[in-house]
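Colleague: based on what follows, work out the 3D shape:
(chains A, B, C and D)
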Number of protein chains: 2
Amino acid sequence: MGCVMGFLCVTKHSDALPAQIAQSLLQRIISEEFPPGAMFPSERDLQDEYHVSRSVVREAIKLLASRKLLSVSHGQGAVVTSNFNEPVVDALLMAFHRAQIRAEDIFAVRALLEPHCVALAAQHATLQQVRRLEELAQSFEVITFEGNDEAFRRSLMKWGKLDNEFHQLLAEASQNAVNGILITVIVGVVWNSISAKMPAPPPDRFAVAAQQHLAIARAVAQQDSEAARRAMVEHIETSLHNIASPNDRVPIRIETFI
Amino acid sequence: MGCVMGFLCVTKHSDALPAQIAQSLLQRIISEEFPPGAMFPSERDLQDEYHVSRSVVREAIKLLASRKLLSVSHGQGAVVTSNFNEPVVDALLMAFHRAQIRAEDIFAVRALLEPHCVALAAQHATLQQVRRLEELAQSFEVITFEGNDEAFRRSLMKWGKLDNEFHQLLAEASQNAVNGILITVIVGVVWNSISAKMPAPPPDRFAVAAQQHLAIARAVAQQDSEAARRAMVEHIETSLHNIASPNDRVPIRIETFI
DNA sequence: TTAAGTTGACTTGTCAGACCAGTCGTGCTA
DNA sequence: TAGCACGACTGGTCTGACAAGTCAACTTAA
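Modeller: As a prediction, this is how the structure comes out:
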């Protein structure tokens, strides 16, 4: 009763039991006692271990799951996911929606971050990263945007997935992890939100973007920072026009937030 | 039973009741049916309204509270906070800790974002914003960093609060809300995390920073974008040396995460 | 009249135990 | 051997009870 962690036995019995247990569990996740991918103890087990009721355990688990640190499924149990970027995307999406951010503003920031980042990447990218980058850049070309709306959405999703990886890879190669996380997160916001509602543009728009991806990859491969920077500036500008109108607000997709 | 929103009555009874209700409530928060600061319905009321058990309602509320959209206190009830930036700070803190971000990397990104931002602010700041900026810049000077460690922490906290507002105000004045949110969030990370563990530096370090704040405010007041940019570059550099060693990792404060 | 204290009607927090509802492996049966 | 039924897990929901905190209205004493 109010006795957390057994021996630790917090006597102060007036404070958020679920939060305390969630904290304890989080610490055990961070310390890799429960490494990513591992099975999490069942609610009944935790109930016994912490000597609290199952409701408390459930709320604690819910707390962690809402941060996407656990993935729980009915009948099976919970597994540790240790997903630390997605919660940022979710929260940022919310903040952007709240502030009625325009697509234009997002791309203005990207136009600041990414050229700088790609210039760094041109200096620091490993051979392996360059190879993957070129591979990715080439795969944009084979995506076709013909057909009805449903086919367009499918293609768009494929494109978005590649685009995510492309920009994320560049960010990683820049050797500044903050850059990496911010760009990953912002690109995530763009694809999670804005692009979901974009109208189908003329197909050749994407051909231009595909060429730009190739140009960026080439410049990075040649370690030409300035060319890379220029190519990225151009690409960001094109992207804005491709996937949004400047005054588009960030639409919220509540279903992904909870 | 499994019948959400009364008339809506989702017959599919196999999926995350609490999440559905949290979604519904979130929508009602966003639509300002429950405006920020307003009292939230009690658990029993919601239980009746949605025709589910209290456990389900509690979990739904917990979901929203964990996103800091509600603030619930024992015996009183829950109030709507609509706090959309803090969740980003929390999540980002987590992501940074996970990626073992160095303080240096954070300040490298600030050195990219903030000078650009302050240059815009110099062009777009309103008279009111300029006044407040100068007011803030002056109040840094009167903070003294003498005395024992506890006194130092108190002064540091006061400084941090002002610093937060100073940089946030500049970000707002830049007229790019994305910039505003990102900078607010990053400054939040810095003050929430790194500065909590900083050792007490020689007091005159802060005097230099105070002077820089004044220089920035002056440049913005004179609408001199370039001077503002230069002053900010210098300031960011000083700040890094003031509040962290370059190789400091972002420490995690789990207690604030849950 | 005023100040302090008590009571009661709220609120959220926790507990216990029951049952429903999925998932998966075991072992029986055809 | 292929397929099915069962049982032993898992999480999901419901119920009703009580503890614990808060606040306002009401009483009581100065």
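Colleague: so A:Trp191 sits against A:Asp163, correct?
Modeller: Yes - under the criterion of C-beta atoms under 8 Å, A:Trp191 makes contact with A:Asp163 at 7.1 Å. For every residue, glycine as well, the C-beta is placed using N, CA and C.
Colleague: do you know the pLDDT at the residue in the stretch 101-250 of chain A positioned nearest to DNA strand C?
Modeller: Residue nearest to DNA strand C within the stretch 101-250 of chain A: A:Met157 (24.6 Å; C-beta to the nearest atom of the strand). A:Met157 carries a pLDDT score of 85 in this model.
Colleague: can you name every helix or strand that the helix or strand harbouring A:His97 contacts?
Modeller: Assessed by DSSP states H and E, A:His97 sits inside helix A:86-98. Secondary-structure packing of helix A:86-98 (3 or more C-beta pairs under 8 Å, 6 or more residues apart in numbering or on different chains; DSSP states H and E): helix A:177-192, helix A:254-257, helix B:86-98, helix B:177-192.
Colleague: anything in whatever helix or strand comes next after it near chain B?
Modeller: Under the assignment DSSP H and E, the closest C-terminal helix or strand after helix A:86-98 is helix A:103-124. Yes - judged by C-beta under 8 Å from any C-beta of the partner chain, helix A:103-124 comes into contact with chain B at A:Asp105, A:Ile106, A:Ala108, A:Val109, A:Leu112, A:Leu113, A:His116.
Colleague: contacting residues for the third one?
Modeller: Under the criterion of C-beta atoms under 8 Å, 6 or more residues apart in numbering or on different chains, the neighbours of A:Ala108 are B:Asn176, B:Val178, B:Asn179.
Colleague: again, but for the last one
Modeller: Listed by C-beta under 8 Å, 6+ apart, the contact set of A:His116 reads A:Asn179, A:Arg229, B:Leu112.
Colleague: save the residues you listed as a markdown table, and put in distance to A:Ala60, neighbour count and pLDDT too.
Modeller: Listed next are these as a markdown table, based on distance: C-beta to C-beta, whole Å; neighbours: other C-beta atoms under 10 Å in any protein chain shown; pLDDT from 0 to 100:
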| residue | distance to A:Ala60 | neighbour count | pLDDT |
| --- | --- | --- | --- |
| A:Asn179 | 34 | 24 | 87 |
| A:Arg229 | 47 | 20 | 96 |
| B:Leu112 | 39 | 21 | 92 |
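Colleague: ok, back up a step: distance to DNA strand D added to the helices and strands packed on helix A:86-98, as a markdown table?
Modeller: As requested, the helices and strands packed on helix A:86-98 are arranged in a markdown table below (distance: least, C-beta to the nearest atom of the strand, whole Å):
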| stretch | distance to DNA strand D |
| --- | --- |
| helix A:177-192 | 23 |
| helix A:254-257 | 16 |
| helix B:86-98 | 22 |
| helix B:177-192 | 26 |
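Colleague: worst average pLDDT in those?
Modeller: Mean pLDDT is lowest for helix A:254-257 among these, at a mean of 59.
Colleague: surely A:Val189 is in contact with A:Phe107?
Modeller: No - checked against C-beta under 8 Å, the pair A:Val189 and A:Phe107 is beyond contact range at 11.3 Å.
Colleague: now distance to B:Ile243 too, for the residues of helix A:103-124 next to chain B, in JSON lines please.
Modeller: Below are the residues of helix A:103-124 next to chain B laid out as JSON lines (distance: C-beta to C-beta, whole Å):
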{"residue": "A:Asp105", "distance to B:Ile243": "29"}
{"residue": "A:Ile106", "distance to B:Ile243": "29"}
{"residue": "A:Ala108", "distance to B:Ile243": "28"}
{"residue": "A:Val109", "distance to B:Ile243": "24"}
{"residue": "A:Leu112", "distance to B:Ile243": "24"}
{"residue": "A:Leu113", "distance to B:Ile243": "23"}
{"residue": "A:His116", "distance to B:Ile243": "23"}
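Colleague: need the max-distance pair from these.
Modeller: A:Asp105 and A:His116 (17.8 Å; C-beta to C-beta).
Colleague: what residues does chain A have near DNA strand C?
Modeller: A:1-2, A:16-18, A:52-56, A:59, A:73-76 (C-beta under 7 Å from any atom of the strand).
Colleague: which residues touch stretch A:65-82?
Modeller: Residues from elsewhere that reach stretch A:65-82, judged by C-beta under 8 Å, 6+ apart: A:26, A:29, A:34-40, A:42, A:61, A:64, A:83, A:86-87, A:90, A:258, B:14, B:62-63, B:66-67, B:91, B:94, B:98, B:257.
Colleague: if we go to 7 Å?
Modeller: Stretch A:65-82 is contacted by residues A:29, A:34-40, A:42, A:61, A:64, A:83, A:86-87, B:63, B:66 when judged by C-beta atoms under 7 Å, 6 or more residues apart in numbering or on different chains.
Colleague: let me see the ranges of the strands in chain A.
Modeller: Taking DSSP state E as the criterion, chain A carries its strands at A:70-73, A:77-80.
Colleague: which regions of the stretch 51-200 of chain A lie under the pLDDT threshold?
Modeller: For the stretch 51-200 of chain A, applying pLDDT under 70 flags the ranges A:194-196.
Colleague: next, the buried residues of the longest helix belonging to chain A.
Modeller: The residue-count maximum for a helix in chain A (DSSP state H) belongs to helix A:149-173. Buried positions in helix A:149-173, judged by neighbour count with 16 or more other C-beta atoms under 10 Å in any protein chain shown: A:152, A:155-156, A:159-160, A:162-173.
Colleague: what does the stretch 51-200 of chain A have sitting close to DNA strand D?
Modeller: Close to DNA strand D, as judged by C-beta under 7 Å from any atom of the strand, the stretch 51-200 of chain A has residues A:Arg54, A:Ser55, A:Arg58, A:Val72, A:Ser73, A:His74, A:Gly75, A:Gln76, A:Gly77, A:Ala78.
Colleague: near the first one, how many other residues are there?
Modeller: What that stands for is A:Arg54. 13 (other C-beta atoms under 10 Å in any protein chain shown).
Colleague: mind listing what the residue nearest to it when sequence neighbours are not counted touches?
Modeller: In space, and not counting its chain neighbours, A:Arg54 is closest to A:Gln47: 4.9 Å by C-beta to C-beta, 6 or more residues apart in numbering or on different chains. Neighbour list for A:Gln47: A:Ser53, A:Arg54, A:Val57 [criterion: C-beta under 7 Å, 6+ apart].
Colleague: repeat that for A:Asp224.
Modeller: Per C-beta under 7 Å, 6+ apart, neighbours of A:Asp224: A:Ala122.
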